[in-house]
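[1] coordinates for the following, if possible.
(one chain, ligands or ions: 2)
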Amino acid sequence: MPITPADLLRMKQKGERIPMVTAYDYSAARIAARAGIPLLLVGDSLGMVMHGHGTTLPVTLDDMVRHAAAVTRGSGDAMVVGDLPFLTYANEADAVTASRRMLAEGSVHCVKLEGGAAIAPIVRRLTELGVPVMGHLGFTPQSQHQIGLRVQAKQAAAAKQLLEDALLLEASGVCAIVLELVPAALAKAVSERLAVPTIGIGAGAGCDGQVQVWHDLLGLTEGKVPRHAGRYAELGEVIAAALGRYAEDVRAGVFPKPEQDAAIDPQELQRALG
Ligand code: KIV
Ligand code: NA
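    Ligands and ions are numbered 1, 2, ... in the order given. This next block holds a predicted model:
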């Protein structure tokens, strides 16, 4: 059985920090499960890192369901969270429809919605209906045209609002809240005031867990990488070097090697060729 919202609460109570990473396909999910990552996020960041869009806004529910279904086939005991895409949860009916598809067709265990007070009634309705929900506050990429690409809640009023939103989301039933691009001291204070875990990204080590985008964490992102990104491998370099050696061997005629060939009885061949 995958881990549940109750397990997340227990992890926080025991002071166990929670690692989370995004995954967008079956093979990535298998590797993450093997590494013992308890929480996987099928993030709408897939629009950028997998499909090459400039933002998460063009991502469709079909995109999310397809990637989610691939991830959940390989995720083992991890809890898989799937983002609801931009404007697919603007009212309760839409949110229910989108969540049904993510859980029934994508087989995720939890959906993630961006926003505070405006979506609290929707979060309440989903959780009443048995859908685990994760919140997402601070920098919420789906509203980037409104809020800009920057650290959020640096002024007292916005910081107070973020704390109030977090408490309201908790009261509405979320099992955890992602805090993205929030000052570390504020994220720590919010984490201390919530029963449910916070999962930070660019929000300091005072959060109850951390989430990173697969491509950033593993060195697969080309160009500008966020300051907060952990860099635990340079897989882009590793893959490019391997492909370079492969191409060289093909050009030189030394791949494949004779021992990799399938044999045919010489008599059979002679009969065929005449
Ligand atoms: O889509 C995503 O990858 C996310 C994380 C950055 C939290 O929402
Ligand atoms: Na996202």
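[2] residues of the helix or strand hosting H215 that come out buried?
    In this structure, H215 sits in helix 214-217 according to DSSP states H and E. Using 16 or more other CB atoms under 10 Å as the burial criterion, the residues of helix 214-217 that qualify are W214, H215, D216, L217. C-beta coordinates here come from the backbone N, C-alpha and C atoms, glycine included.
[3] got it, and stretch 154-164?
    Neighbour counts over stretch 154-164 (16+ other CB under 10 Å) mark A159, Q161, L162, L163 as buried.
[4] export those as a markdown table, with columns for distance to ligand 2.
    Converted to a markdown table, those look like this (distance: CB to the ion, whole Å):
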| residue | distance to ligand 2 |
| --- | --- |
| A159 | 22 |
| Q161 | 21 |
| L162 | 17 |
| L163 | 22 |
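[5] from those, which land in helices?
    Using DSSP state H, the members of the buried residues of stretch 154-164 that fall in helices are A159, Q161, L162, L163.
[6] tabulate these (a markdown table), appending pLDDT.
    Shown next, in a markdown table, are those (pLDDT from 0 to 100):
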| residue | pLDDT |
| --- | --- |
| A159 | 98 |
| Q161 | 98 |
| L162 | 98 |
| L163 | 98 |
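[7] quick one: mean pLDDT for the helix of greatest length in the chain?
    When the chain is parsed with DSSP H, its longest helix is helix 235-252. When pLDDT is averaged over helix 235-252, the result is 98.
[8] on contacts alone, who are the packing partners of it?
    Contact analysis of helix 235-252 by 3 or more CB pairs under 8 Å, 6 or more residues apart in numbering; DSSP states H and E lists no helix or strand as a packing neighbour.
[9] now the element after that helix, going C-ward?
    Following helix 235-252 in sequence, per DSSP H and E, is helix 266-273.
[10] skipping adjacent residues, who's closest to V65 in space?
    G106 (4.4 Å; CB to CB, 6 or more residues apart in numbering).
[11] check contacts around that neighbour.
    By CB atoms under 8 Å, 6 or more residues apart in numbering, the residues touching G106 are V42, M64, V65, R66, H67, A68, A69, T72, G82.
[12] please repeat the previous calculation with a cut-off of 6 Å.
    By CB atoms under 6 Å, 6 or more residues apart in numbering, the contact set of G106 is V65, A68, A69, G82.
[13] likewise H53?
    Contacts of H53 (CB under 6 Å, 6+ apart): G47.
[14] ligand 1 contacts on the stretch 51-200 of the chain?
    By the rule CB under 6 Å from any ligand atom, the part of the stretch 51-200 of the chain lying against ligand 1 is D83, V178, E180.
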